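**Student:** Below: sequence and its predicted model.
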Amino acid sequence: MDMQAVLLIVFTFVFGYIAWRKLDWAICLAIMFSPAYQIRFQVGFLPMTVLEVMVLVIIAVWGVRTVSERIYSKTCPAWLPWRWLLAAFFAVGLLAVLISPDTRGALGLWKAYIAEPSLLFLVFVNTIKTRDQVRSVLWALGASVVIIGYIALIQYVGLLKISGLYGLEHPKRATSVFTFPTAVGKFVGPILALFIAFWLVRVQPKVRSLWEMVVRHLFTAGVTAFGLLALLFSFSRGAVIGVLVAIVFSSFFSSRKKWIWLALAVVLIGSLIVPFTRHEIISVIDVEDTSADVHVVMWKGAWRIIQAHPVLGTGLASFPVVYEQYKEASHTEFFPNPDELYLTIWIEMGLAGLLVFGWLMVKYFHAGLKDIHRQSQDYWTRALLVGLMAAMVSLLVHGFFDTPYFKNDLAVIFWALLGLMVVVSRIKPAPETTNL
């Protein structure tokens, strides 16, 4: 047995112990360290990641506890919200596996992007029940952004090597803990939008001292600062657009909306005045930018696939296989998906997958908007509901330019956001403002 196997066994037992003693802590650790999906290994013929180990341990511990409670208490303690949506998501995913030209690859994607994260959602909503637990999840999300932003910063100033050749580009692009820079924006964007919206919307209580004010706002400010640095140094334009739209969305729930609009106007005017940012904006609009041109060419090929397979699509893991038949003759680059969320869902999961995803989003925003009125006197919960909706707005807008779901860590974060929306909607209103 080699050292890697020993370390994995030890890690699994330690994490299993944590999950058995404090399942909510284990969930927070899995969310915080979800980029650990990049540590890959093989169990027999089955490819696995460290993130999958954490998720599977959490699911297994919850399953054993649920069955035990069923046996001893003669009741079914599990709560299954949105069960028909989850069933539809599972079924559409299985159909996408059956029609895929790469069955093994499709099963891997179904396991990592559909089965595991949606089961984690069920564990999440049955485990995270109190304000303190919700606050712990927010701390986990925020801490992951701080770590990613900090590493992007030290990469950009030259203290740590940037992965690949991205450090030689102009402008250079930090990759942080990932192997490519767009992964930074995909991960950070929704979480950053959540924290900014939370800060913009919540009612600020009176503070008794300077120290109290610093402590109250330090974590939110830190997450925001490092999140902005991560987007800036990774040059994640789609994520920036998503966050800006999320801020506009949040402003309609804030008493400071005029100041927010003024600040956004100043940022926009400043971006048009500065030569570098003005050139970047114009080059993207005119599709003169290399990245924008590649994306447009790829989207044209993806649309041809949809026109040929409009109902069922071509199955999970199919895009790299079928794209060769539909791409532009001059396009020689390889991509695992069309780098556009809605085209990817349609191609890989068919029209039914697109409808189920849309249904999930309608359910999500309906829950948020409905409970904002119910929680009108609970300022913390109201601000968090707006923050959760802002996070999803950021993700959905970013989805027009990239694919902020079809990746192991992104799937976990997506279902954690859904879980938070379900859980926060059940928390009883409290008259006092609570801080992160």
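**Tutor:** Everything's here; your move.
**Student:** What residues does the nearest residue to R202 once chain neighbours are set aside make contact with?
**Tutor:** Counting by C-beta to C-beta, 6 or more residues apart in numbering, A383 is the residue found nearest to R202 once chain neighbours are left out, at 3.5 Å. (C-beta placed from N, C-alpha, C; glycine too.) Contacts for A383 (C-beta atoms under 8 Å, 6 or more residues apart in numbering) come out as A197, F198, W199, V201, R202, V203.
**Student:** so how far does stretch 228-248 reach from one end to the other?
**Tutor:** Length of stretch 228-248, first residue to last, C-alpha to C-alpha, to the nearest Å: 16 Å.
**Student:** for stretch 149-167, same thing?
**Tutor:** 16 Å.
**Student:** That one - what's its average pLDDT?
**Tutor:** Per-residue pLDDT over stretch 149-167 has a mean of 90.
**Student:** Give me the helices and strands touching whichever helix or strand S136 is part of, please.
**Tutor:** Taking DSSP states H and E as the criterion, S136 maps to helix 131-156. If you count contacts as 3 or more C-beta pairs under 8 Å, 6 or more residues apart in numbering; DSSP states H and E, helix 131-156 packs onto helix 23-32, helix 182-201, helix 210-234, helix 379-398, helix 408-426.
**Student:** how about those helices, which one is nearest K111?
**Tutor:** The closest of these to K111 is helix 408-426. By C-beta to C-beta, the value is 9.9 Å.
**Student:** so A36 touches E52, yeah?
**Tutor:** No. At 9.5 Å, A36 and E52 do not qualify as touching, with contact defined as C-beta atoms under 8 Å.
**Student:** sorry, back to before: give me the buried subset of the contacts of A383.
**Tutor:** A197, F198, W199, V201, R202 (16 or more other C-beta atoms under 10 Å).
**Student:** How about the third one: what's its closest non-neighbour residue?
**Tutor:** Right, W199. T220 (5.2 Å).
**Student:** now do V184
**Tutor:** Nearest to V184 is S234, by C-beta to C-beta, 6+ apart, at 3.8 Å.
**Student:** cool, and I241?
**Tutor:** Nearest to I241 is V397, by C-beta to C-beta, 6+ apart, at 6.2 Å.
**Student:** That neighbour: neighbour count?
**Tutor:** 22 (other C-beta atoms under 10 Å).
**Student:** what's the answer for M48, then?
**Tutor:** Counted with other C-beta under 10 Å, M48 comes out at 19.
**Student:** Also G353?
**Tutor:** 24.
**Student:** For stretch 16-34, buried residues please.
**Tutor:** 16, 18-19, 23-24, 26-34.
**Student:** could you dump the helices and strands packed on helix 131-156 to CSV with distance to L316?
**Tutor:** Compiled in CSV, the helices and strands packed on helix 131-156 are given as follows (distance: least, C-beta to C-beta, whole Å):
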stretch, distance to L316
helix 23-32, 23
helix 182-201, 19
helix 210-234, 28
helix 379-398, 20
helix 408-426, 13
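**Student:** So for G108, which of those helices sits nearest?
**Tutor:** helix 408-426 (10.3 Å).
**Student:** Check which helices and strands that closest one sits against.
**Tutor:** helix 23-32, helix 50-73, helix 116-127, helix 131-156, helix 182-201, helix 341-374, helix 379-398.
**Student:** Taking their axis directions, it and helix 131-156 sit at what angle?
**Tutor:** 150 degrees (axes from the mean of the first three to the mean of the last three C-alpha atoms, to 10 degrees).
**Student:** Identify each buried residue in helix 408-426, please.
**Tutor:** For helix 408-426, by 16+ other C-beta under 10 Å, it's 408-425.
**Student:** now stretch 391-405
**Tutor:** Result for stretch 391-405 [16+ other C-beta under 10 Å]: buried residues 391-399, 401-405.
**Student:** can you check stretch 298-307 too?
**Tutor:** Buried, per 16+ other C-beta under 10 Å, within stretch 298-307: M298, G301, A302, W303, R304, I305, I306.
**Student:** Give me the next element, helix or strand, following the worst-scoring helix or strand of the chain on mean pLDDT.
**Tutor:** In the chain, no helix or strand scores lower on mean pLDDT, DSSP states H and E than helix 275-285, which sits at a mean of 59. Helices and strands here follow DSSP H and E; after helix 275-285, the next one along the chain is helix 290-308.
**Student:** then that following helix to CSV, C-alphas only?
**Tutor:** Presented in CSV, the C-alpha positions along helix 290-308 are these (Å, rounded to 0.1, in the frame of the first residue of the first chain):
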residue,chain,number,x,y,z
THR,A,290,-9.9,36.4,-29.1
SER,A,291,-11.8,34.8,-26.2
ALA,A,292,-15.1,36.4,-27.3
ASP,A,293,-14.5,35.3,-30.9
VAL,A,294,-13.8,31.7,-29.9
HIS,A,295,-16.9,31.6,-27.7
VAL,A,296,-19.1,32.9,-30.5
VAL,A,297,-17.7,30.4,-33.0
MET,A,298,-18.3,27.6,-30.4
TRP,A,299,-21.8,28.7,-29.7
LYS,A,300,-22.7,28.6,-33.4
GLY,A,301,-21.5,24.9,-33.4
ALA,A,302,-23.4,24.2,-30.2
TRP,A,303,-26.6,25.7,-31.8
ARG,A,304,-26.2,23.4,-34.8
ILE,A,305,-26.1,20.4,-32.4
ILE,A,306,-29.4,21.6,-30.8
GLN,A,307,-31.0,22.1,-34.2
ALA,A,308,-30.1,18.5,-35.0
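**Student:** for the record, mean pLDDT for it?
**Tutor:** Rounded mean pLDDT across helix 290-308 is 81.
**Student:** now do stretch 46-58
**Tutor:** 92.
**Student:** roughly how far is it from the heart of the chain?
**Tutor:** 18 Å (C-alpha atoms, centre = their mean, to the nearest Å).
**Student:** contacting residues around that stretch?
**Tutor:** By C-beta under 8 Å, 6+ apart, stretch 46-58 touches 8, 11-12, 15-16, 19, 23, 26-27, 29-30, 33-42, 108, 111-112, 116-117, 119-120, 123, 408-409, 412.
**Student:** ok, and the closest non-adjacent residue to C28?
**Tutor:** A140 (4.0 Å).
**Student:** Noted, bye for now.
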